[in-house]
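Chemist: Return a 3D structure for these sequence lines:
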Amino acid sequence: RGSTYLIASNVANTAVSVAAFVIIARLISREEMGILAVLLLLAAGARLLTGLGLGTAATKFVASFDAMKEHEKMQRTGYSCLIINVLATAVLVVALYLSADLLAAFLLGGSSNGNLLKLLTLEIVATCVNNPLVGILTGLKRFREISLVSVVAFAVRQFLVVVFLELGLGLPGLIIGYGIGDSLNSLALFGYTRKFLGPLATDLGFTHLLKFSAPLLMRDGASFAWTWFDRALLLPLVALSQLGAYNVALTAFGILDSAPQAISGTLFPYYSHFYPDQSKTSKTEDLENAVAKASRYVSLFTIPLCLGLAATAMPATTLLASNIYADAAYPLAVLSVSLAAGCLVRALGEIFVVLGRTKTSATVTIASVLLSALVGVALVPRLGILGASVARGASLLIALGLSIPFLRRILRLRFDMGAYGSAWLASLLMAGSVLVFEHFFYSKHLLPAYVVVGGAVFFLA
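Modeler: Predicted coordinates for the structure are as follows:
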C-alpha cells in the first residue's frame, strides 16, 4: 500500500512536470535554460551539504524507537535531526547570500546575476528542510501523507512558474515559483510531523546522530555523482543531439525504476521495525525472512516491467518522444535489462543503515560509482550513448554484487530465487512473443496492443 502511494505520486508528478516543461521551454531562452541548470545544480549541492545524511538517520531511528514503543526517544531524535539540518541550512544560506555576486561572476559569467542566487536561497531553505521531514514521516510509515503533499505542492509550484513566466517575470519569476511551491511542501510536511510525532522536543545527543550520519553523507555524495557521471562522460565526447537522445532514455528509465524504488523506500521502516537496534540481543531471523519475502515480490513486479519495456523500447520511444529520438531506444533497452538482472538490490532497501553499518553502506555506494565510471571511461569513447547506458546498468549489478558478501557476514541473506527464476522465464516468453508480433506487425501506434499481448503471455506463463 505504501509503495502504491509513492508510485502514484511519481506518476502524477511526472505528468505535471512534462506538461509544464513543454511551456517553460518556450518561455525562456537557451541561455536562460543554461543558467537555470546551474541554479538547480547549486540547489542540489546545497541539499547534499546540509542534509548530512540526517534524512536517512531520521527514518532509521524514528522507525526503530516506534517499534520499541519508546515514543519520547523517537520524538527527541526526530526533531534533533530536523534542528541540525535547519542550523546547517542557515549557515549555508547566509554564506551563499553574502557571496552571491562573486559566485554569479564565476558561475554565470557576470555579477549582474547575483540577485538570482539571492532569490535561490528561498528555494534552498525550502528543499533542504524537506529532507529530514520526509525522513521522519517515512519512519512513521506515513506514505499517504508524503505522497499527497508532494503531488499538491508540485502542481502548485509548476502552475506558479508558468503563470510568472507568462507575466514576463523571466528567471526571477521561475525561481520565486519554485521557492513558494517547495515552501508550501515543507510547511505541510512540518504540520504532519507535529501531528504524528508530537510537540517539538530536543535531545542534546547531536554528536551521536552526526557520527551515525557522517558516512551516509559520503554515500549521498557518491549517489550525487552516480546521477551525473554518465552524462559528464558523454558531454565532451558526443554531440548535444546525442546527449539529448540519452536524456530521453534516462527519463523513460527513471519512470520505470520509480516503481521498484518506491518499494525499496517503503521497506526501510519495516526492516527497522524487525531489527530495531544493533545490540547483541537483537535477532536477525525476522529481518532475514522479510528480505526473502521482499525479493519475491520485487522479482515478480520488476522483471516483467523491465523486459516488457526492453521489448517495446523502439515503439515506446518514438511514440512518446517522436521519431527523431529513435536512437534512444537501444540505451533504454540496455538499462531495462540491467535493472531486471539486478532488481534484487531493490529488495535490500537501506538494510546496511538498519544494521547500523553506515560506513559499509558508504563504501558499497562509492565503490559501485567508481567501478561504473571506469566501465564508462572504457566504453563511451567507442560506443557513445550505448556505452553510457552499459556503464549505468553495470552500476546496479555492481552494487548488488558488492552488497551480498558484506551482508552474508552479518546475517543469513536469502533471496527467493524460485520467484526470480520464474519471473525471468515468464518474462522472456513474454518479450519473445512481443518481438515476434512486432516483426510481423510493427507500428509505434500498436504499442497498446503489444502491452496487451505481452501481459497475457506473462500471466499465462
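Chemist: okay, CA-based contacts and neighbour counts for the rest of this
Modeler: Will do.
Chemist: low pLDDT regions in the stretch 301-450 of the chain?
Modeler: 321-322 (pLDDT under 70).
Chemist: mind listing the helices for it?
Modeler: Along the stretch 301-450 of the chain, the segments classed as helices by DSSP state H, counting those that start in this stretch run 313-321, 329-341, 351-354, 358-383, 385-408, 417-440, 447-460.
Chemist: Of those, which is nearest residue 58?
Modeler: helix 351-354 (10.9 Å; C-alpha to C-alpha).
Chemist: chain center to that closest one, what's the gap?
Modeler: 17 Å (C-alpha atoms, centre = their mean, to the nearest Å).
Chemist: for that helix, packing partners?
Modeler: Counting by 3 or more C-alpha pairs under 8 Å, 6 or more residues apart in numbering; DSSP states H and E, the packing neighbours recorded for helix 351-354 are helix 54-67, helix 240-274, helix 358-383.
Chemist: Could you export the helices of the stretch 301-450 of the chain as TSV, including mean neighbour count?
Modeler: Shown next, in TSV, are these (neighbours: other C-alpha atoms under 10 Å):
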stretch	mean neighbour count
helix 313-321	20
helix 329-341	25
helix 351-354	24
helix 358-383	19
helix 385-408	21
helix 417-440	18
helix 447-460	17
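Chemist: what would the ones you listed look like in a markdown table with distance to residue 230?
Modeler: Shown next, in a markdown table, are the helices of the stretch 301-450 of the chain (distance: least, C-alpha to C-alpha, whole Å):
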| stretch | distance to residue 230 |
| --- | --- |
| helix 313-321 | 20 |
| helix 329-341 | 12 |
| helix 351-354 | 26 |
| helix 358-383 | 7 |
| helix 385-408 | 5 |
| helix 417-440 | 28 |
| helix 447-460 | 29 |
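Chemist: Quick one, which of the ones you listed gets closest to residue 246.
Modeler: Closest to residue 246 of these, according to C-alpha to C-alpha: helix 385-408, at 6.1 Å.
Chemist: Quick one: residues in contact with that closest one.
Modeler: The contact list for helix 385-408 (C-alpha atoms under 8 Å, 6 or more residues apart in numbering) reads 230-231, 233-234, 242-243, 246, 330-332, 334-335, 338-339, 341-342, 344-345, 352, 360, 364-365, 368-369, 371-373, 375-376, 379-381, 413.
Chemist: how about 7 Å then?
Modeler: For helix 385-408, the external contacting residues (C-alpha atoms under 7 Å, 6 or more residues apart in numbering) are 230, 246, 330-331, 334-335, 338-339, 342, 345, 364-365, 368-369, 372-373, 375-376, 379-380, 413.
Chemist: Residue 288 and residue 413: what is the separation?
Modeler: Using C-alpha to C-alpha, to the nearest Å, residue 288 is found at 6 Å from residue 413.
Chemist: CA atoms only for stretch 335-342 - export them in CSV, please.
Modeler: Extracted in CSV, the C-alpha atoms of stretch 335-342 (Å, rounded to 0.1, in the frame of the first residue of the first chain):
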residue,chain,number,x,y,z
LEU,A,335,19.1,0.0,-19.0
SER,A,336,15.8,-2.0,-18.7
VAL,A,337,17.5,-5.4,-19.0
SER,A,338,20.2,-4.3,-16.4
LEU,A,339,17.5,-3.4,-13.9
ALA,A,340,15.8,-6.7,-14.5
ALA,A,341,19.1,-8.6,-13.8
GLY,A,342,19.9,-6.5,-10.7
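Chemist: what residue ranges in the stretch 151-300 of the chain score low on pLDDT?
Modeler: 201-216, 219, 228, 235, 239-241, 243-244, 265, 268-269, 275-283.
Chemist: again, only using 50
Modeler: 281 (pLDDT under 50).
Chemist: Would you map the helices across it?
Modeler: Using DSSP H, counting those that start in this stretch, helices in the stretch 151-300 of the chain cover 170-197, 206-234, 240-274, 285-311.
Chemist: Quick one: these as JSON lines, columns for mean neighbour count and distance to residue 123 too.
Modeler: Shown next, in JSON lines, are the helices of the stretch 151-300 of the chain (neighbours: other C-alpha atoms under 10 Å; distance: least, C-alpha to C-alpha, whole Å):
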{"stretch": "helix 170-197", "mean neighbour count": "20", "distance to residue 123": "4"}
{"stretch": "helix 206-234", "mean neighbour count": "18", "distance to residue 123": "19"}
{"stretch": "helix 240-274", "mean neighbour count": "20", "distance to residue 123": "24"}
{"stretch": "helix 285-311", "mean neighbour count": "22", "distance to residue 123": "35"}
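Chemist: my guess is residue 447 contacts residue 314, does it?
Modeler: No - Residue 447 lies out of contact with residue 314 (C-alpha atoms under 7 Å); the separation is 9.6 Å.
Chemist: Could you measure from residue 140 over to residue 197?
Modeler: 8 Å.
Chemist: before we move on, what about residue 349?
Modeler: Counting by C-alpha to C-alpha, the gap from residue 349 to residue 197 is 24 Å.
Chemist: sorry, back to before: now the helices of the stretch 151-300 of the chain as JSON lines including distance to residue 129?
Modeler: What follows is the helices of the stretch 151-300 of the chain, written out as JSON lines (distance: least, C-alpha to C-alpha, whole Å):
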{"stretch": "helix 170-197", "distance to residue 129": "7"}
{"stretch": "helix 206-234", "distance to residue 129": "16"}
{"stretch": "helix 240-274", "distance to residue 129": "19"}
{"stretch": "helix 285-311", "distance to residue 129": "31"}
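Chemist: Now for residue 298: which residues touch it?
Modeler: 260, 343, 344, 347.
Chemist: CSV for these, including distance to residue 386?
Modeler: What follows is those, written out as CSV (distance: C-alpha to C-alpha, whole Å):
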residue, distance to residue 386
260, 23
343, 21
344, 24
347, 27
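Chemist: Need the buried ones from the residues you listed selected in ChimeraX.
Modeler: To isolate the buried members of the contacts of residue 298 in ChimeraX, using 16 or more other C-alpha atoms under 10 Å:
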select :260,343,344,347
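Chemist: biggest separation within the contacts of residue 298, which pair?
Modeler: 260 and 344 (9.7 Å).
Chemist: What lies in contact with stretch 428-436?
Modeler: Stretch 428-436 has contacts (C-alpha under 7 Å, 6+ apart) with 307, 308, 311, 450, 453, 454, 457, 458.
Chemist: Based on its surroundings, how many neighbours for residue 141?
Modeler: By the criterion of other C-alpha atoms under 10 Å, residue 141 has 20 neighbours.
Chemist: right, and the secondary structure at it would be what?
Modeler: coil (DSSP: H, G, I helix; E, B strand; the rest coil).
Chemist: now it: how far from residue 58?
Modeler: 12 Å.
Chemist: what does residue 147 give?
Modeler: In terms of C-alpha to C-alpha, residue 147 sits 18 Å off from residue 58.
Chemist: Of these two, which one has the most company?
Modeler: Higher neighbour count among residue 147 and residue 58: residue 58, with 30 against 20, using other C-alpha under 10 Å.
Chemist: Contact partners for that one?
Modeler: Counting by C-alpha under 7 Å, 6+ apart, residue 58 has contacts 78, 81, 132, 135, 136.
Chemist: just the residues you listed now: which is nearest residue 174?
Modeler: Distance to residue 174 across the contacts of residue 58 (C-alpha to C-alpha) is lowest for residue 132, with 25.4 Å.
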